[in-house]
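Asker: Need the 3D shape of this:
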Amino acid sequence: MTALPRSPRSERVGRRVPRWAASALALGLVGSLGYAAPAAASPAASTSLTGFAADQSPRPQATPLSPAEGASLAALGPEDSMNYAIIFTAGDTAQATAIRAAVTAHSGFNLTTYPDIGVTFAQFKGPTGGDWLAQQGGVSAWGPTRQQALPEREIVRADAQPVANDSSASPNSTDSTDSTEPSAAATTQSDRAKAGHLTRASVGPDQWGNDIIGVADAHQITEGAASVTVGIMDTGVDTTNPALADRIDVERSVGCTTNGVTDQTPSAWGPQGTDGVHGTHVAGIVAANPSEGGSDGVVGVAPETTLVSIATGNEDGLFYPEYVVCGFEWAMNHEVNVLNHSYYVDPWLYWCPSDPTQTAGKIAVERAVEASLKANIVSIAAAGNATEDLAAKRPDSTSPNDNQAPVPNRPIAPECLDLPTEVPGVVSVSALAESDADSDPHLASFSNYGAGKITVGAPGESIISTGFGDTTLSLSGTSMASPFVAGVAALMLAEAPDLTPTEVTDLLKQSATAVGSGDAEASFGSGIVNAVDAVNLAREKAGKPAVTPTTPASETPSETPSTADSERPTEASSSPEPTAEPSAAASAPSAFPTGIVVGGGVLVLAVIAGAVLLGRRLLRRG
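Answerer: Numbering: from 1, shown residues only. Next up, the predicted model:
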């Protein structure tokens, strides 16, 4: 493989050890695609949603199943409750109204309905509560959204009172009732398939990921724009971190983790349970801004970008279809430009249309993705941490991951998809390993790959970013690679706001730095994302001239960086400090570091026996 040329590094000496880093190392807690344990679970929040939106503009529907197919869960007890996805003709509000009425007539509870994509979610009690749906007119598919019975906090009570309409909630959501019960204690599944490879340590801001994709050079052109919004569909974001506090639009942030019903109380979109730090870390990779101090000067890829927290991962790190569809619909109705997806949709590692317990959930998510792309939202997703060839998937023994009885050796056909990363139109990102200066770039040991499956690669190992409060931490996973690309997409849209998702994807691929031949395409698709070249191609698409950054990055560039937004601060990032290992030559706009230098600022806490093995656990199959 061809080594990536190195540009000047921006090193800042770490001065703060995360207060909970040592205990986190001992626990080795992990969650979706690279999750880590937060300090404490967020408090329970009340639920609010709007009335039935009968006037939604119809969007093209996915091909429905015919005749109607569906499945209940025999394992449920008579008092257990389950949520179901129900698929009908997209844009048909009359069908939506009829189905909702039928749900009520059969002692069910309507949760959310999205007429624009032909999806509604409902809750029933008992193992056969939804069987009548097979005879309901207009229903093309139906089935459970999960395999484990609902936790107490999500069970809708018959005597619950409807919630008053809230105009700030998604106009596509529909009437429901409050879940008033507190969350029941749940065991975090630290060895789940998506758990993956991650590390925790006392860290300094040695941001090798920024260096290798040319962020400092790109910042000479633009640091992003407040008019561009990136939605962090994750486990919530901590606003107490000073590097994120001014980036997050609290008025547009939302939680979706109670039955997929929108909730704008801060606890609903803040860190969720034991996996809550994951979303905060991801958000920092996209847009940490050190101008207000804190977090040891960690700089995001697009530090002037606006962030919206869309909590779609619950306190156990699980992302169910009703949560994820809620997130997509919220983004479509709240002017989000880019969505980052550092997760896969639970409880199935791969969703197979031949299984009636998976069909409806799969269609629901696919329709939501398709609608968001048509609404001009760019979706960037982690490829996954299973060391899996997505073009030739092996049998799966990890799903469903929300109960204690995964199906052993479940055969995986080509049409079985990892959602959302394998949905057409989504930018799928694999993880580049950290290497020393003399090594060729290579795929991280945990990363998924596959010919025709990966769009681009990005740094994903030992990535330093924001933690809770004024802390930083290091995590690894494709969860960390995806937000690098989301940040680059935000920079591109700051310079060319009219780009479509297809154009953004094409320019990301055209500008990517090739790293070799042979299996390189399977590993990294078109190559490693290149921030400065992607921004320049976006500028050219918008009729602007390309800008050649100077070296070092602190020198005056050939064109003043973009100041499209009047609210953008003039001190967006700290000035680069001299490195311990100066660059031998200046880099051109297409240049990247000649190798990846392991940051001396990363101090590994090795005082707890076995901590490294726990912290760096791979997803599955050893």
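Asker: Every contact and neighbour count from this point should use C-alpha atoms.
Answerer: Will do.
Asker: in the stretch 101-250 of the chain, which spans are strands?
Answerer: 109-114, 119-125, 141-144, 229-234 (DSSP state E, counting those that start in this stretch).
Asker: Do I have it right that Glu521 meets Ala512?
Answerer: No - at 11.6 Å, Glu521 and Ala512 do not qualify as touching, with contact defined as C-alpha atoms under 8 Å.
Asker: want to try JSON lines for the strands of the stretch 101-250 of the chain, with mean pLDDT, distance to Ala431 and mean neighbour count as columns?
Answerer: Listed next are these as JSON lines, based on pLDDT from 0 to 100; distance: least, C-alpha to C-alpha, whole Å; neighbours: other C-alpha atoms under 10 Å:
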{"stretch": "strand 109-114", "mean pLDDT": "97", "distance to Ala431": "34", "mean neighbour count": "26"}
{"stretch": "strand 119-125", "mean pLDDT": "96", "distance to Ala431": "33", "mean neighbour count": "26"}
{"stretch": "strand 141-144", "mean pLDDT": "94", "distance to Ala431": "32", "mean neighbour count": "29"}
{"stretch": "strand 229-234", "mean pLDDT": "98", "distance to Ala431": "18", "mean neighbour count": "32"}
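Asker: I'd like those laid out as CSV, including distance to Arg247.
Answerer: Output for these, formatted as CSV (distance: least, C-alpha to C-alpha, whole Å):
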stretch, distance to Arg247
strand 109-114, 29
strand 119-125, 33
strand 141-144, 37
strand 229-234, 10
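Asker: Next, count neighbours for Thr97.
Answerer: Counted with other C-alpha atoms under 10 Å, the neighbours of Thr97 add up to 15.
Asker: And Ala158, by the same measure?
Answerer: With other C-alpha under 10 Å as criterion, Ala158 counts 10.
Asker: one step back: which stretch among the strands of the stretch 101-250 of the chain comes nearest Glu304?
Answerer: strand 229-234 (9.9 Å; C-alpha to C-alpha).
Asker: Quick one: list the elements packing against that closest one.
Answerer: Applying 3 or more C-alpha pairs under 8 Å, 6 or more residues apart in numbering; DSSP states H and E, one finds that strand 229-234 contacts helix 277-287, strand 306-311, helix 321-332, strand 338-341, helix 478-495.
Asker: before we move on, the earlier item: what touches both of Glu521 and Ala512?
Answerer: Residues touching both Glu521 and Ala512 (C-alpha atoms under 8 Å, 6 or more residues apart in numbering): Gly527.
Asker: re the thing from before, could you dump the helices and strands packed on strand 229-234 into JSON lines with distance to Ile221 and mean pLDDT added?
Answerer: Shown next, in JSON lines, are the helices and strands packed on strand 229-234 (distance: least, C-alpha to C-alpha, whole Å; pLDDT from 0 to 100):
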{"stretch": "helix 277-287", "distance to Ile221": "16", "mean pLDDT": "97"}
{"stretch": "strand 306-311", "distance to Ile221": "18", "mean pLDDT": "98"}
{"stretch": "helix 321-332", "distance to Ile221": "28", "mean pLDDT": "98"}
{"stretch": "strand 338-341", "distance to Ile221": "20", "mean pLDDT": "98"}
{"stretch": "helix 478-495", "distance to Ile221": "9", "mean pLDDT": "98"}
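Asker: mind checking which of the ones you listed is nearest Asp131?
Answerer: Asp131 sits nearest to helix 321-332 of all the helices and strands packed on strand 229-234, at 19.4 Å, using C-alpha to C-alpha.
Asker: which outside residues touch the closest one?
Answerer: With C-alpha under 8 Å, 6+ apart as the criterion, helix 321-332 contacts 85, 121, 145, 169-170, 172-173, 231, 233, 256-262, 310-313, 339, 345-346, 361-362, 364-365, 368-369, 372, 375, 377.
Asker: Verify the stated contact: Val261 with Asn110.
Answerer: No - counting by C-alpha under 8 Å, Val261 stays clear of Asn110, with 10.6 Å between them.
Asker: hey, where'd the helices end up in the stretch 451-600 of the chain?
Answerer: 478-495, 501-511, 520-524, 531-541 (DSSP state H, counting those that start in this stretch).
Asker: what's the most buried one of those?
Answerer: helix 478-495 (a mean of 31; mean count of other C-alpha atoms under 10 Å).
Asker: so what does that helix touch, helix or strand wise?
Answerer: strand 229-234, helix 277-287, strand 338-341, strand 378-382, strand 427-432, strand 456-459, helix 501-511, helix 531-541.
Asker: mind redoing it with 7 Å?
Answerer: Using 3 or more C-alpha pairs under 7 Å, 6 or more residues apart in numbering; DSSP states H and E, the elements in contact with helix 478-495 are helix 277-287, strand 338-341, strand 378-382, strand 427-432, strand 456-459, helix 531-541.
Asker: As JSON lines, the ones you listed with distance to Ala225 would be great.
Answerer: As requested, the helices and strands packed on helix 478-495 are exported to JSON lines (distance: least, C-alpha to C-alpha, whole Å):
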{"stretch": "helix 277-287", "distance to Ala225": "11"}
{"stretch": "strand 338-341", "distance to Ala225": "13"}
{"stretch": "strand 378-382", "distance to Ala225": "16"}
{"stretch": "strand 427-432", "distance to Ala225": "22"}
{"stretch": "strand 456-459", "distance to Ala225": "22"}
{"stretch": "helix 531-541", "distance to Ala225": "13"}
